[in-house]
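**Q** fold the stuff below for me.
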Amino acid sequence: MQRYDPDFAPDPAHWLELDEGARIELAEQHHRKAGIPLPNVRAHAVFHAIVENQVALGVPAVVDAVSRLVGQGLGRHEAVHAVCSALAEHFFELMQSRGGQLAAASQARYDAALARLDADEWRQRQGLPGSPAR
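**A** Numbers count the residues shown, from 1 in each chain. So this is what the prediction gives:
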């Protein structure tokens, strides 16, 4: 695999054959070439790689969320960003946990957050075109 475009799902077998560093590098290259301004392109790419890993591994809550958001009209890249936002909250919560005590509960909250993701709400939070007036 030579390039990554989050608007198109990478072939799961090819994606998972790559070493983790290569996956992150591909996501980083995409964002740099696209000229997307980010406070930390490396951190952004890490989250992209994690979500793509979860999709490639067939993690049901993640696959369902991406599919639902795309079905609601988000581009795949924006759907990945929406999942990344839930993942970032999950990571933050896990980092606050001592000795993994909250891991199972945190995973359940992550799954629930993914199930609640909604394209219209995401567009509104991001100030994207097509946001419904509320």
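**Q** switch to C-alpha atoms for all contacts and neighbour counts from now on
**A** Noted.
**Q** any weak-confidence spans in the chain?
**A** Low-confidence segments of the chain, defined by pLDDT under 70: 99-101, 131-134.
**Q** how is it carved up into domains?
**A** Segmentation of the chain into domains, based on automatic domain parsing, reads 1-57, 59-134.
**Q** with mean neighbour count added, can I get those in CSV?
**A** Output for the domains of the chain, formatted as CSV (neighbours: other C-alpha atoms under 10 Å):
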stretch, mean neighbour count
domain 1-57, 15
domain 59-134, 16
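**Q** which one's the longest helix in the protein?
**A** In the chain, assigned by DSSP state H, the helix with the most residues is helix 76-96.
**Q** chain center to the helix or strand just after that helix: distance?
**A** Next helix or strand after helix 76-96 toward the C-terminus (DSSP states H and E): helix 103-116. Relative to its chain's centre, helix 103-116 lies at 14 Å (C-alpha atoms, centre = their mean, to the nearest Å).
**Q** try stretch 83-90
**A** Put simply, stretch 83-90 sits 7 Å off its chain's centre (C-alpha atoms, centre = their mean).
**Q** contacts for that stretch next, please.
**A** 47-48, 51, 62, 65-66, 106-107, 109-110, 113-114, 117 (C-alpha atoms under 8 Å, 6 or more residues apart in numbering).
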